[in-house]
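# sequence and predicted structure, then a few things I'm wondering about:
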Amino acid sequence: QVQLVESGGGLVQPGGSLSLSCVASGFTFSNYRMRWYRQAPGKEREMVAVISSVGGRTNYADSMKGRFTISRDDVKNTVYLQMNSLKPEDTAVYYCNAARGAYDYWGQGTQVTVSS
């Protein structure tokens, strides 16, 4: 059974940091491109960051560049999102996604709230 389980969300003050994790099971994690998405209330889901399956190449949405870092550990079947310099507009539910060809898996999401 395929599972993606996110954790690490919570409440943080503006300017603070959070580290999200997503543990995968039920498929060959190392073969999949991994992405983090987020969805704020009343807004469409948007891609935050992506890391390739081979070589670990990364890419980020413009508003996250320099603040967020995506990484992966293929031994632990885990993808991470380090978020620094958080802003109130980063408040959203954050989802991890695994994709390879026609296969596309999603986690249940973890809430991140940036507020003073």
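Good, I have the coordinates. Numbering: from 1, shown residues only.

# return the residues in contact with the residue most central in space within the chain.
Nearest residue to the geometric centre of the chain (C-alpha atoms, centre = their mean): Trp36, 2.9 Å. Residues near Trp36 by C-beta atoms under 8 Å, 6 or more residues apart in numbering: 20, 22, 47-50, 70, 79, 81, 94-97. Just so you know, the C-beta spots here come from the backbone N, C-alpha and C atoms, and that holds for glycine as well.

# mind redoing it with 10 Å?
6, 20, 22, 47-51, 60-61, 64, 68, 70, 79-81, 83, 94-97, 107 (C-beta atoms under 10 Å, 6 or more residues apart in numbering).

# just the pLDDT for it.
At Trp36, the model reports a pLDDT of 98.

# mind checking how far it is from Val23?
Distance of Trp36 to Val23, computed by C-beta to C-beta, to the nearest Å: 14 Å.

# which residues are common contacts for those two?
The contact lists of Trp36 and Val23 share Glu6, Val79, Cys96, Gly107, where a contact means C-beta under 10 Å, 6+ apart.

# so what's the second one closest to, chain neighbours aside?
So the one you mean is Val79. Take Val79 and drop its neighbours on the chain: the residue closest to it by C-beta to C-beta, 6 or more residues apart in numbering is Met34, 4.3 Å away.

# quick one: neighbours of the one you found, just the number.
Using other C-beta atoms under 10 Å, Met34 is surrounded by 27 other residues.

# buried sites along the helix or strand hosting it?
Per DSSP states H and E: Met34 is located in strand 33-39. Neighbour-count burial for strand 33-39, counted by 16 or more other C-beta atoms under 10 Å, picks out Met34, Arg35, Trp36, Tyr37, Arg38.
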